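Engineer: Predicted structure and sequence below. I'll ask about it afterward.
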Amino acid sequence: MIATDMPKLESPFVREEIDHEYILTKQIAPSYEWVFNDPEVRAIEKLNGTDVSILIKGDQIHSIWNRNVLIMRGGLRIGMDLTGRYIVDGVMNASEKRWVSMLPEGQWFGELVGPKINKNPYNLTQHLWVPFNTVAWEHLAYKSWGQYPKTYESISEWFKTLQPLFEPMIHAGEPYSNPNPVVEGVVFTHPDGRMAKLRRDMFDWYPGKRHKK
């Protein structure tokens, strides 16, 4: 079984450099009309972690990958030194939650979050791999998506009101760790596998430092 890298996710709106800032325009990107027109699309909270995939063969984890870097195969950790350990730990923690056993044979993508990943915005005490097709699809989708006109203006305003779904799920019953929580973005996901993303920093109203891509 050969792993492939997670496809790069693009914005459903065209982005242009305006006043030295690479931001969204109101124009829908070619071939991304499905984001706005297909009722099966879900808007899922974009987690601030690192892309990790696992290959399942039979009922066993055959290998673990960070993008196109092999981390573990056949129970032997191979890549990325300490980071590799965190990734393996995160997948094993997901397995303990039965998030892996629900996946059939094949390659499955997800997001790794935790203490050593991107300054740990979710205040986790251990690393955790969150599979896209099951946990994120079922628990991190915004029910408010589609309850208003799917125009650039309404989506821009909707983004300003989004509240995190992952942190309350993972810290159920605990006080909110962040008094002013924000959502980094959403991943528009179709059951057939198509995906697109929007981040807060793509909008012209965003006040902070932007990603370059």
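Structural biologist: Cool, got the structure. Bear in mind that the values here come from a model prediction, so they are computed numbers and not experimental data.

Engineer: and the residue nearest to residue 116 when sequence neighbours are not counted, backbone torsions?
Structural biologist: In space, residue 116 comes closest to residue 86 once its chain neighbours are excluded; the distance is 5.1 Å by C-beta to C-beta, 6 or more residues apart in numbering. For every residue, glycine as well, the C-beta is placed using N, CA and C. When quoted as degrees, to the nearest 10, the phi and psi of residue 86 stand at phi -60, psi -40.

Engineer: so which helix or strand takes in residue 8?
Structural biologist: Secondary structure assignment for residue 8, by DSSP states H and E: no helix or strand.

Engineer: For the remainder of this discussion, apply numbering that starts at 23.
Structural biologist: With 23 as the first residue, the last one maps to residue 30.

Engineer: Tell me, how many residues neighbour it?
Structural biologist: Around residue 30 sit 8 other residues, with neighbours defined as other C-beta atoms under 10 Å.

Engineer: got it, and residue 25?
Structural biologist: With neighbours defined by other C-beta under 10 Å, the count for residue 25 comes to 19.

Engineer: Strands of the protein, start to end?
Structural biologist: For the chain, the strands defined by DSSP state E occupy 35-40, 43-50, 64-67, 72-79, 82-88, 91-95, 98-99, 128-135, 150-153, 207-211, 217-221.

Engineer: about what we covered before: ok, now which ones touch the residue nearest to residue 138?
Structural biologist: Residue 108 makes contacts with 134, 136, 137, 138, 139, 149, as judged by C-beta atoms under 8 Å, 6 or more residues apart in numbering.

Engineer: how about 10 Å then?
Structural biologist: For residue 108, the set of contacting residues under the criterion of C-beta atoms under 10 Å, 6 or more residues apart in numbering consists of 72, 74, 88, 93, 102, 134, 136, 137, 138, 139, 148, 149.

Engineer: Can I get those in a markdown table including pLDDT and neighbour count?
Structural biologist: As requested, these are arranged in a markdown table below (pLDDT from 0 to 100; neighbours: other C-beta atoms under 10 Å):
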| residue | pLDDT | neighbour count |
| --- | --- | --- |
| 72 | 94 | 19 |
| 74 | 95 | 29 |
| 88 | 91 | 20 |
| 93 | 90 | 23 |
| 102 | 59 | 16 |
| 134 | 97 | 27 |
| 136 | 95 | 21 |
| 137 | 94 | 14 |
| 138 | 92 | 18 |
| 139 | 93 | 23 |
| 148 | 94 | 11 |
| 149 | 96 | 24 |
